[in-house]
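Engineer: Fold the stuff below for me.
(4 chains)
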Number of protein chains: 2
Amino acid sequence: MLAIIAMKAEDCIFFQLSKASQRGARFWAQKVACLNLTAVQAMVMRFLYEKDEITSAELGFRTDLDSATLTGILDRLESAGLAERLPNPDDRRAILVHLTAKGRESGSQVVKFMEEANAEFVRGLSGEEERTLRSTLKKIRKRAV
Amino acid sequence: MLAIIAMKAEDCIFFQLSKASQRGARFWAQKVACLNLTAVQAMVMRFLYEKDEITSAELGFRTDLDSATLTGILDRLESAGLAERLPNPDDRRAILVHLTAKGRESGSQVVKFMEEANAEFVRGLSGEEERTLRSTLKKIRKRAV
DNA sequence: TACAACTTACTTGTATGCAAGCATAATCGT
DNA sequence: ACGATTATGCTTGCATACAAGTAAGTTGTA
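Structural biologist: Residues are numbered from 1 along each chain as shown, chains lettered A, B, ... in the order given. So this is what the prediction gives:
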């Protein structure tokens, strides 16, 4: 049976996803503001902390950021002295993104903040809610669009 | 017991929310591209279709868009001949956003597309998954940040 | 009636997202 | 070896986000 009563705009799944995501991003942004990083920059730092010296393409794959967006982010991380682009000896087209010493220091802070922010953010959810949320978000993310 | 093994970047709830939201936004954007509307523009149209002749502040509250963002969106909807800003007789600072005839026509298409896109997007989820997702997203959205 | 405090919509500046296109370099088939 | 295809990172142009600030208008209060 399909809904006879029209869905309200607020009930749109795209709207709900977008706004919940914005809440999370703002929360995360506040957490890392003291590091002089934006939410996205901190996230990229976190990925680099996990695996360093990877190509821009690889980093883009991991972070789900396209190359145009990544270029700007890397520019800013580089300006801040947190990351640098190294030539890739295996492929002269490619670069290797590398965290500087200052970058690794900052990165370790990001790791700590992420643990804390995550725990704090999901505090209002039951274990079951959190599990289902995570698995459903993953399902949405992984599928072909 | 807290996690001893550090969380991976991918498991960050902010990352998961952001990327799932992006999937949704891209899906929705494709649906409404034929109307020459962006995902956000279509969403605003959908809200206006539901309640017309409201102030920019009211529209911003409903759509969860700040006034700076809304100004640009309304500019573009106005350029496209879909919406217009009317003077507010009750308050000379305020405006009333109004869908034109062309805008209402386009808006009815948006309504239809939204029903379809929603149904299609959640098709891969079980009823239980969808219910929990929606209620959890709502919980996240509604709480204080 | 003054006047301070607040609201409204707008502007500016910066940072993503994303589509489209580019020069350079690598790779594949012949 | 060589031309066609593909891959890499960059650039441009446009559309959100969002912080900060502004001019004009409204409201509460002495």
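Engineer: Might one say that A:Arg143 is in contact with B:Val122?
Structural biologist: No. In terms of CB atoms under 8 Å, A:Arg143 does not count as a neighbour of B:Val122; the distance is 11.5 Å. (Glycine included, C-beta is placed from N, CA and C.)
Engineer: So which of these two has more stuff around it?
Structural biologist: A side-by-side neighbour count of A:Arg143 and B:Val122, using other CB atoms under 10 Å in any protein chain shown, places B:Val122 first with 17 against 11.
Engineer: In space, what's closest to that one - neighbours in sequence excluded?
Structural biologist: Leaving aside its sequence neighbours, B:Val122 sits nearest to B:Glu130 (CB to CB, 6 or more residues apart in numbering or on different chains; 5.0 Å).
Engineer: The one you found: how many residues sit nearby?
Structural biologist: Count around B:Glu130 with other CB under 10 Å applied: 17.
Engineer: element containing it, please.
Structural biologist: helix B:127-142 (DSSP states H and E).
Engineer: can you confirm A:His98 is in a strand?
Structural biologist: Yes. Using DSSP: H, G, I helix; E, B strand; the rest coil, the assignment for A:His98 is a strand.
Engineer: how far away is the residue nearest to B:Val122 from DNA strand C?
Structural biologist: Distance, B:Glu130 to DNA strand C, using CB to the nearest atom of the strand, to the nearest Å: 22 Å.
Engineer: what residue lies at the spatial centre of chain A?
Structural biologist: Centroid-nearest residue in chain A: A:Met43, 4.1 Å away (criterion: CA atoms, centre = their mean).
Engineer: surely that one meets B:Leu17?
Structural biologist: No. Counting by CB under 8 Å, B:Leu17 is not a contact partner of A:Met43; they are 11.6 Å apart.
Engineer: Need the residues touching each of A:Arg143 and B:Val122.
Structural biologist: Listed contacts common to A:Arg143 and B:Val122 are nil; contacts here mean CB atoms under 8 Å, 6 or more residues apart in numbering or on different chains.
Engineer: Can you mark which positions in the helix or strand where A:Ala119 lies are buried?
Structural biologist: Using DSSP H and E, the element containing A:Ala119 is helix A:101-121. The neighbour-count check on helix A:101-121 (16 or more other CB atoms under 10 Å in any protein chain shown) flags A:Gly103, A:Arg104, A:Ser106, A:Gly107, A:Gln109, A:Val110, A:Val111, A:Phe113, A:Met114, A:Ala117, A:Asn118, A:Phe121 as buried.
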